[in-house]
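Novice: would you be able to build a 3D model of this:
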Amino acid sequence: MTRTLQIIGLLCILFIVSACQADTEQEVNNNADENQETTEENESDTGTSADNNTDTSYEYEEQEVIGGQIDEGDYDVVVETDNKGTRVMFYEIDGEKYYKTIFVKDDNRLKIIDIQNDNGLIYNETI
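Specialist: Numbers count the residues shown, from 1 in each chain. Presented below is the predicted three-dimensional model:
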């Protein structure tokens, strides 16, 4: 009788463990699908930003403030990302990056980072 109860108990434990394992595999597959969807959404949000558009003729609302913080005239402006939430630009000379700017559109917050001289964040204000 006790031997039968032990076998039944062991079978119940095996059943529960295998059911939990199936749920975990399904969650892993769901997470992989969600990650793929997020990647596709991010790619569509950035549009052509992966092309690193280099053009100094861009006119963005934050450029006036940036011009007051750095000497904008000698730099090439490379738009790294421009989606509905943020715009990230690099200011470079001959391909060497000097400044990185991050403009958070919802908050109108501008951050300017000096990456050439390791001065870090040199501007962090709403405009």
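Novice: in terms of secondary structure, what does the helix or strand residue 90 falls within contact?
Specialist: Using DSSP states H and E, residue 90 sits within strand 86-93. Judged by 3 or more CB pairs under 8 Å, 6 or more residues apart in numbering; DSSP states H and E, strand 86-93 is in contact with strand 76-82, strand 96-104. Backbone N, C-alpha and C define where each C-beta goes, glycine included.
Novice: quote the end-to-end distance of stretch 95-114.
Specialist: For stretch 95-114, the first and last residues are 15 Å from each other (CA to CA, to the nearest Å).
Novice: what sits up against that stretch?
Specialist: 60-62, 65-66, 69-70, 75, 84-92, 115-116, 120-127 (CB atoms under 8 Å, 6 or more residues apart in numbering).
Novice: quick revisit: of the helices and strands packed on strand 86-93, which is nearest residue 14?
Specialist: strand 76-82 (50.6 Å; CB to CB).
Novice: taking strand 96-104 as reference, get the angle to the closest one.
Specialist: Relative orientation of strand 76-82 versus strand 96-104 (axes from the mean of the first three to the mean of the last three CA atoms, to 10 degrees): 40 degrees.
Novice: where exactly do the strands run in the protein?
Specialist: Secondary structure of the chain (DSSP state E): strands located at 53-54, 76-82, 86-93, 96-104, 109-114, 120-126.
Novice: can I have the third one written out in PDB, keeping just the CAs?
Specialist: Spelled out, it's strand 86-93. Extracted C-alpha coordinates of strand 86-93, given in PDB (Å, rounded to 0.1, in the frame of the first residue of the first chain):
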ATOM      1  CA  THR A  86      14.200  61.300 -29.400                       C
ATOM      2  CA  ARG A  87      16.700  62.700 -31.800                       C
ATOM      3  CA  VAL A  88      20.400  61.800 -31.300                       C
ATOM      4  CA  MET A  89      23.000  63.700 -33.300                       C
ATOM      5  CA  PHE A  90      26.800  63.600 -33.400                       C
ATOM      6  CA  TYR A  91      29.000  66.600 -34.200                       C
ATOM      7  CA  GLU A  92      32.200  65.500 -35.900                       C
ATOM      8  CA  ILE A  93      35.200  66.700 -37.800                       C
END
